[in-house]
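> quick check, what structure comes out for this input:
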Amino acid sequence: MVKKLTFSGIVIRLVFFLLALYVLFPFFLVVINVFRTTNDIVSNPISVAGMSLSKLTKNFSSVINNSNFSFWSAFGTSAVITFFSIVLLALFGGMAAWVICRNKTKWSLFIYMVFIASMIIPFQVVMLPLISTFRDVGKFLGISMLQSFSGIIFAYLGFGGAMTVFILTGFIKTVPYELEEAAAIDGCSPERTYFEIILPLLKPPVVTVTILNGMWIWNDYLLPSLMLGHNGKVKTLPVAVQAFVGSYVKQWDLILTAAFLAIIPMIILFLFAQKQIMGGLVDGAIKS
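Residues are numbered from 1 along each chain as shown. You can find the predicted model right below:
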């Protein structure tokens with residue numbers, strides 16, 4: 001039997017439909033305009049007139065073979081930074097969440113609250129002090145913390161740690177403590193207990209935080225632009241797109257094509273992993 005829609009049900013569906021259109025509209029603009037030239041885009045950016053496969057092929061070729069853009073170099077840089085950042089976040093975030101859950105002290109609660117509080121601080125508030133601090137620390141250690149892989153990965157560990165610990169802490173609370181007691185009776189050290197018993201049980205939320213952090217780090221523009229700069233040798237894909245933005249002329253066809261190429265890996269990742277994302281968020285965040 002088909003359930004009849006009520007007036008409130010129709011309104012709710014209409015609202016969500018309009019929200020979906022609002023969210024997807026920028027992506028729609030990118031998709032249609034990679035098939036067009038700059039003149040077509042400037043004349044009418046929301047029109048489908050002038051779309052052709054030949055223009056798409058030309059735009060792709062111009063972007064990938066452009067010496068100033070260095071697509072494959074920027075792609076590799078983004079891949080390296082994203083990979084090491086998400087691996088270290090999952091590793092250290094999981095250990096921090098486990099210690100916070102199992103040590104019922106005022107200090108552990110305080111540290112957990114600090115993690116939670118840091119989630120509401122906008123990056124724009126701390127970005128200038130962050131750059132100054134990294135520059136001073138680099139001088140003190142005799143290494144370059146700016147325009148380097150190590151510096152930006154370390155920064156992502158700081159900014160991504162709060163959400164990682166928050167989600168993993170909620171899940172670890174559901175893991176029976178008796179498992180750890182049994183391991184201790186059998187002579188397992190805390191390190192062995194975590195890596196051989198706790199970590200395998202954390203697979204669902206670890207996959208979730210890995211995907212969420214990966215999408216954020218891959219698409220991030222502001223932090224790499226500040227730490228790596230626009231003229232440095234190390235450039236991520238979002239920063240490299242700036243190569244097509246001139247002082248007086250903007251190559252909109254190439255800008256949008258480069259942006260489209262940059263977001264394709266994340267679209268594929270999200271389509272294959274959306275169930276894990278939602279399941280991990282429900283198991284972790286709600287149980288917190």
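
> in the stretch 1-150 of the chain, where is pLDDT below threshold?
Low-confidence segments of the stretch 1-150 of the chain, defined by pLDDT under 70, span residues 1-3.

> now do the strands in it.
For the stretch 1-150 of the chain, strands defined by DSSP state E, counting those that start in this stretch do not occur.

> distance of the residue nearest to Met215 when sequence neighbours are not counted relative to Ile111?
Nearest residue to Met215, sequence neighbours excluded (C-beta to C-beta, 6 or more residues apart in numbering): Met266, at 5.1 Å. Any C-beta I mention is one placed from the backbone N, CA and C, and that applies to glycine too. In this structure, Met266 and Ile111 are 32 Å apart, going by C-beta to C-beta, to the nearest Å.

> excluding chain neighbours, what is closest to Trp218?
In space, Trp218 comes closest to Thr82 once its chain neighbours are excluded; the distance is 5.0 Å by C-beta to C-beta, 6+ apart.

> hmm, that neighbour is touching Trp216, no?
No. No contact is recorded between Thr82 and Trp216 when judged using C-beta atoms under 8 Å, the distance being 9.3 Å.

> higher neighbour count, these two?
Under the criterion of other C-beta atoms under 10 Å, the comparison of Thr82 against Trp216 puts Thr82 first, with 23 against 17.

> in contact with the more buried one: list those residues for me.
For Thr82, the set of contacting residues under the criterion of C-beta atoms under 8 Å, 6 or more residues apart in numbering consists of Gly214, Ile217, Trp218.

> tell me the most packed of those residues, by neighbour count.
Ile217 (24 neighbours).

> what helix or strand is that residue on?
Counting by DSSP states H and E, the element that carries Ile217 is helix 203-219.

> counting by contacts, list what that helix packs against.
Under the contact definition 3 or more C-beta pairs under 8 Å, 6 or more residues apart in numbering; DSSP states H and E, helix 203-219 sits against helix 71-102, helix 149-172, helix 252-284.
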